[in-house]
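Undergrad: the sequence and its predicted three-dimensional model are supplied below.
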Amino acid sequence: MSVRRLAEDQFQPAAFAFNQENAVWAEKTIKKYPEGRQQSAIIPLMMRAQEQDGWVTKAAIEKIADMLDMAYIRALEVATFYTQFQLHPVGSRAHIQVCGTTPCMLRGAEGLVKVCKSKIADYALERNAEGTLSWEEVECQGACVNAPMVVIGKDTYEDLTPERLEEIIDAFVAGKGSEVPTGPQIDRIFSAPEGGLTSLLDSPATKTKKKTGAKAAAETVALPPSEAAKPVSSDAETNPALKSPADGKTALPTEHPKAAPAKKDNTVVGDKAE
Ligand code: FES
């Protein structure tokens, strides 16, 4: 787990304000939440602040806390917990997030990190001399089938080689990042096999005809609803009507008919002693 701290004071701007478009959006977003739950808008608002300025500044965190009537520490907790929030200034053209989890590592992520070190900066979250590029290593981004991969902005670039990553970085430096195709960088569609299908090549010879009418109804077996997911417990916490343990308004549940009585030594009736 990485230690996540706010950027040093020298990088922090004195103030933060949403631009006009984002301010309207923020107001609408806050209203989506039920009365008294407006603080739930903190994540979308922080993400919007990051999209506006490139990273989440201390001023932005405090401004959003004020907008949502929250203590600064609560907003700081959110900003420092989620690694999606950049707490330091990142490259203005591209911030490259290299997946370093096992499948990507086995498929060559180390080579991608080397490219980032040579083309951008020796250390993660350090910007290049022009301030246009930065990089960091991140955990699995959910595209393991097409490992190794990187994320830039909201897009993924998959099936990478060091050479292809160099080309992609050059395109972003030249301001042509939007021209780079996203997703797999080799001949495959999404996560289908490279070069086309290798199995399930034949279409089924006959199609199963759907049965309808009385015959189908007669063959339908009525299954009782499963009880598997229902807790066999009479504990107060399992009462679905209880919204908050401390609200003092919701009645505690009556004894659950299926609850097994607990013994004083915490074993349940029916348990066999070894
Ligand atoms: S391990 Fe890299 S995307 Fe999952």
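TA: Now that the structure is in, tell me what you want to look at. Numbers count the residues shown, from 1 in each chain.

Undergrad: measure Asp170 to Ala60 for me?
TA: 31 Å (C-beta to C-beta, to the nearest Å). For every residue, glycine as well, the C-beta is placed using N, CA and C.

Undergrad: more neighbours, those two?
TA: Ala60 (26 against 12; other C-beta atoms under 10 Å).

Undergrad: contacting residues for that one?
TA: 16, 46, 49, 53 (C-beta atoms under 8 Å, 6 or more residues apart in numbering).

Undergrad: so the second one, which of the three states?
TA: Read it as Met46. helix (DSSP: H, G, I helix; E, B strand; the rest coil).

Undergrad: domain ranges for this protein, per the record?
TA: Following automatic domain parsing, one finds the domains of the chain at 9-81, 94-184.

Undergrad: just name the most buried of the ones you listed.
TA: The highest mean neighbour count among those, using mean count of other C-beta atoms under 10 Å, belongs to domain 94-184: a mean of 18.

Undergrad: measure that one end to end?
TA: With C-alpha to C-alpha, to the nearest Å as the measure, domain 94-184 spans 19 Å from end to end.

Undergrad: Three-state assignment for the residue nearest the centre of the chain, please.
TA: Closest to where the C-alpha atoms of the chain average out (C-alpha atoms, centre = their mean) is Gln84, at 7.7 Å. Judged by three-state DSSP, the three-state class of Gln84 is coil.

Undergrad: the residue nearest to it when sequence neighbours are not counted and Val78: what is the separation?
TA: Excluding its sequence neighbours, the residue lying closest to Gln84 (C-beta to C-beta, 6 or more residues apart in numbering) is Met47, at 7.3 Å. Distance, Met47 to Val78, by C-beta to C-beta: 11 Å.

Undergrad: again, but for Lys63
TA: The spacing between Lys63 and Val78, counted by C-beta to C-beta, is 14 Å.

Undergrad: am I right that Ile96 is in a strand?
TA: Yes: the assignment for Ile96 by three-state DSSP puts it in a strand.

Undergrad: next up, the contacts around it.
TA: Ile96 neighbours (C-beta under 8 Å, 6+ apart): 116, 120, 133-136, 150-152, 169.

Undergrad: one step back: isn't the residue nearest to Gln84 up against Gln86?
TA: No: Met47 is not in contact with Gln86 according to C-beta atoms under 8 Å; the separation is 10.5 Å.

Undergrad: of the contacts of Ile96, closest to Ala109?
TA: Val150 (8.9 Å; C-beta to C-beta).

Undergrad: the closest one and Pro162 touch, don't they?
TA: No: taking contacts as C-beta under 8 Å, Val150 lies outside contact range of Pro162: 11.3 Å.

Undergrad: check the contact lists of those two and give me the overlap.
TA: Leu112.

Undergrad: out of the contacts of Ile96, which sit inside helices?
TA: 116, 169 (DSSP state H).

Undergrad: now tabulate the contacts of Ile96 in JSON lines and tack on distance to the ligand and pLDDT.
TA: Output for those, formatted as JSON lines (distance: C-beta to the nearest ligand atom, whole Å; pLDDT from 0 to 100):
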{"residue": "Cys116", "distance to the ligand": "15", "pLDDT": "98"}
{"residue": "Ile120", "distance to the ligand": "20", "pLDDT": "98"}
{"residue": "Leu133", "distance to the ligand": "21", "pLDDT": "97"}
{"residue": "Ser134", "distance to the ligand": "19", "pLDDT": "97"}
{"residue": "Trp135", "distance to the ligand": "15", "pLDDT": "97"}
{"residue": "Glu136", "distance to the ligand": "14", "pLDDT": "96"}
{"residue": "Val150", "distance to the ligand": "9", "pLDDT": "98"}
{"residue": "Val151", "distance to the ligand": "9", "pLDDT": "97"}
{"residue": "Ile152", "distance to the ligand": "14", "pLDDT": "97"}
{"residue": "Ile169", "distance to the ligand": "19", "pLDDT": "98"}
